[in-house]
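*Asks:* Just to be clear, the model below is a prediction. Sequence and coordinates:
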Amino acid sequence: MNFFNIRFFILIFIISSCSYFDKGKKVKKPNILLIVADDLGYSDLGCFGSEIHTPNIDNLSKEGIIFSNFHTSTLCAPSRAMLLSGNDNHVAGIGIQSFESESFGYEGRLTDRIVTIPSLLRKSGYHTYISGKWHLGSDLNSIPIRKGFEKSFVLLTGAGNHYSNRKVIENYPDSSFSENGKRIRWIDGNYSTDYYTDKIIEYIDSNKEDKKPFFAFASYTSPHWPLQVDKKFSNNYKGKYDNGYDKLKMERFDKLKDLKIIPQNAVLPNSHKRLKSWKDLSNEERKIESRKMELYAGMIENLDFNIGRIIQYLKEIEEYKNTVIVFMSDNGAAAEDFYNNPVYGPYLKENFTVDYNEMGSENSFISLGTGWAEASSAPFKYFKGFSTQGGIVSPIIISGYGINRRNQISNDFITLLDIAPTFYDFANVSYPENIQYPLLGNTLKNYLLGTDIKIHNTDYVFGFEHSGNTFIRKGDWKLVNYKSPFNINNFELYNLKDDIGESTDLSSYQNKKYNELIDEWNKFSTQNKIILPSPYVDDIN
C-alpha cells in the first residue's frame, strides 16, 4: 500500500470516528416556557385585533402560530387541572372549582390518578419552576412541590390583591401565598405581574450554568379581578373607551375578520339579556365603565411588558432559540361582579372601595363587567363561566424552538388536553403505561414542524362538565347545556362551521346528529363519574 492510500484510509477513519462520536453526543432537550394569562378575552391581544398595546406577545405570533380555535374549560381551576394533567378535570380531581369532597372527581385537588407535566419532565432531567397562580389545592399534598415543581412561588387560591396580602374573598386564609412549600406573606407594594416575573427569571437564572433544560410555568393573575395597575399603564388608554362597549365589540369583531381569524360570514350573537346598552347608561355610569376598561387594558399592557422581560432574559442567556414558548389564556373574559354579589359582596364592601378616584389602587375592588367581557369575547356568545364559545374559546400562540409554521393562523381545533402530549413529544418523554387514565389529547409537534396537516380526526370527541354546565364537541358539531340546574332536555345543538356565535339551535331539526351527541354525552358522563344534580353550584354570573 503506497503512502497516498495510507493517508486516504487514515482520513476515512477520522471522519467515520467523528461521525460516530457526533451520533453518540448527548443533544440538549429544548426548554419549555408556558405562559398563562388569567381571564384574558379572545380579542384582547393586538395580534387578535385589539387596540391594546401588546408588542411582545404579537412578536411571538409572528415567529410562531396562532390557533384561532383553541378550547379551554369555563373556569380557572378546571382549566389548570386539564392543562397540567392532559386529562379530564374530574379525573384530575377538580370536578367543581372551590369545592372539596371524598367523591371521585370532586376532591378539590390534583389526585394521584394523573401525572403532572412537571413531575414527568423533572424525572426526565428537567428543572421545573412555577411562579404565579396555583388554584389546584392548598393542603400539603397538593402544593406545587408535591406535584413536580422544583421551585415555586404561588398564590394558592383563585384570586388575590395585586399589591398586598389583603385577601379578596372572606373565607380565604390570611396569607394565600407559598414559596417552596412554606406559607409566606406578600410584601406589600410589590405588583403581582412584576413580582411573578422576577421570580420565574430568578428560578431559571439559579440553574443556568448546569445546562439542564427547564420547564417554567409563568402563571399570571393578570388581568383577573380586582382590576389594579399603575397609572403609567392605565393612563395610556385615557378616553380610549368613551364610545362604549357596544362600539368596541363591533370594532373588534370587524378586525378579527380583517385578520382572517374568524370566517367572513360570521355573525355577532345577541348579548346576554342582563346587559344594558351603552346608550341607556347615565353619564356617570359611562365614566365609571370607561375607567374599568382603561384599567383592564393597562393590566394587559403591563403583562405584555413583563413577558418581554422574560424573552429578553432568555436571549441574554442564549436560550431563546432553544425554548418552546406557549402563551394562552385559561378561559373567556370575566363578567362576574363580586362586589355586588349577595355572597361575596358584604365582605368586599366592608374592606374595599369602588370610588372613582380610587379605581385601580390597592384599596379598590373593580371588576370588568358584562359589557366589556362581551366585547373581549367577540365574536362568541357570552363569557367566562358559560360553556358557550365565549366562555371556552381562548387565544393561544405557540412559538420558538421547532416551530416551522411561522406567522400563520390555524383554524384547526385544539384543546387544553393537547398541550401535555406536545410538551412530552418535544422533550422525548413517554407517558407511563401503568397510569389507569391515559392522555386524552394529541401532540401538536409534527403539525408545528409542518409535517402533519391534521391534528384531530372528525370523530374526535372533547367534552367538559362543571356544575351541570357542559358541552360535547365532535367535528364541527357542539352539544351545549349552560342552564342551571342541569336538565338533559336543555341541551342545544350547533354547527360551528356555519355558526360560531351559536345563534341557531338545530336540536329540533337535526335529530340524528342530536341523538349521536347525546350518546357521546352519556358515555362521557359515565366514564368520568359525573354527579348530577351537581353537588355544588357557585353561580359566579
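*Replies:* Arrived safely. Numbering: from 1, shown residues only.
*Asks:* Which phi and psi values does the nearest residue to Leu155 once chain neighbours are set aside adopt?
*Replies:* Excluding the flanking residues, the one nearest Leu155 by Cβ to Cβ, 6 or more residues apart in numbering is Lys133, at 5.1 Å. Any C-beta I mention is one placed from the backbone N, CA and C, and that applies to glycine too. Main-chain torsions, Lys133, degrees, to the nearest 10: phi -80, psi 140.
*Asks:* if I pick the residue nearest to the spatial centre of the chain, what's in contact with it?
*Replies:* Closest residue to the average C-alpha location of the chain: Asp330 at 2.5 Å, with Cα atoms, centre = their mean. By Cβ atoms under 8 Å, 6 or more residues apart in numbering, Asp330 lies in contact with 36-40, 72-73, 76, 79-80, 83, 394.
*Asks:* out of those, which are inside strands?
*Replies:* 36-37, 394 (DSSP state E).
*Asks:* Now render the residues you listed as JSON lines, adding distance to Ile530 and pLDDT.
*Replies:* Shown next, in JSON lines, are the ones in strands among the contacts of Asp330 (distance: Cβ to Cβ, whole Å; pLDDT from 0 to 100):
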{"residue": "Val36", "distance to Ile530": "26", "pLDDT": "98"}
{"residue": "Ala37", "distance to Ile530": "29", "pLDDT": "98"}
{"residue": "Ser394", "distance to Ile530": "23", "pLDDT": "98"}
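*Asks:* Closest one of the residues you listed to Pro421?
*Replies:* The nearest member of the ones in strands among the contacts of Asp330 to Pro421, counting by Cβ to Cβ, is Val36 at 17.7 Å.
*Asks:* correct me, but that closest one touches Phe217?
*Replies:* Yes - if you go by Cβ atoms under 8 Å, Val36 and Phe217 touch, sitting 7.4 Å apart.
*Asks:* Low-confidence regions, this protein specifically.
*Replies:* Residues of the chain meeting the criterion pLDDT under 70: 1-27.
*Asks:* Just give the nearest non-adjacent residue to Thr128, would you?
*Replies:* Spatial nearest neighbour of Thr128, excluding adjacent residues (Cβ to Cβ, 6+ apart): Pro118 at 3.9 Å.
*Asks:* and if you look at Glu63?
*Replies:* Closest to Glu63 by Cβ to Cβ, 6+ apart is Ser399, at 4.9 Å.
*Asks:* Ok, Ile472 next?
*Replies:* Computed as Cβ to Cβ, 6+ apart, the closest residue to Ile472 that is not its neighbour in sequence is Leu479, at 4.3 Å.
*Asks:* and the helix or strand hosting Phe524, which residues are buried?
*Replies:* Using DSSP states H and E, Phe524 maps to helix 511-527. For helix 511-527, burial by neighbour count (16 or more other Cβ atoms under 10 Å) applies to 513-514, 517-518, 520-521, 524-525.
*Asks:* quick one: which of those is nearest Thr128?
*Replies:* Closest to Thr128, out of all of those and judged by Cβ to Cβ, is Phe524, at 31.2 Å.
*Asks:* and stretch 280-294, how far out from the chain's middle?
*Replies:* 29 Å (Cα atoms, centre = their mean, to the nearest Å).
*Asks:* Can I get it in PDB, CA atoms only?
*Replies:* Listed next in PDB are the C-alpha coordinates belonging to stretch 280-294 (Å, rounded to 0.1, in the frame of the first residue of the first chain):
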ATOM      1  CA  ASP A 280     -79.100  53.600  28.200                       C
ATOM      2  CA  LEU A 281     -76.300  54.400  30.700                       C
ATOM      3  CA  SER A 282     -76.100  57.700  32.600                       C
ATOM      4  CA  ASN A 283     -73.100  59.900  32.000                       C
ATOM      5  CA  GLU A 284     -71.700  58.900  35.400                       C
ATOM      6  CA  GLU A 285     -72.200  55.200  34.600                       C
ATOM      7  CA  ARG A 286     -70.400  55.700  31.300                       C
ATOM      8  CA  LYS A 287     -67.500  57.400  33.100                       C
ATOM      9  CA  ILE A 288     -67.100  54.500  35.500                       C
ATOM     10  CA  GLU A 289     -67.400  51.900  32.800                       C
ATOM     11  CA  SER A 290     -64.800  53.600  30.700                       C
ATOM     12  CA  ARG A 291     -62.300  53.600  33.600                       C
ATOM     13  CA  LYS A 292     -62.800  49.900  34.100                       C
ATOM     14  CA  MET A 293     -61.700  49.100  30.600                       C
ATOM     15  CA  GLU A 294     -58.800  51.500  30.900                       C
END
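*Asks:* for the stretch 201-350 of the chain, what spans make up the helices?
*Replies:* Remark: helices assigned in the stretch 201-350 of the chain by DSSP state H, counting those that start in this stretch are 231-234, 245-258, 283-316, 345-351.
*Asks:* Most tightly packed of those?
*Replies:* Ranked by mean neighbour count, these are led by helix 283-316 with a mean of 20 (mean count of other Cβ atoms under 10 Å).
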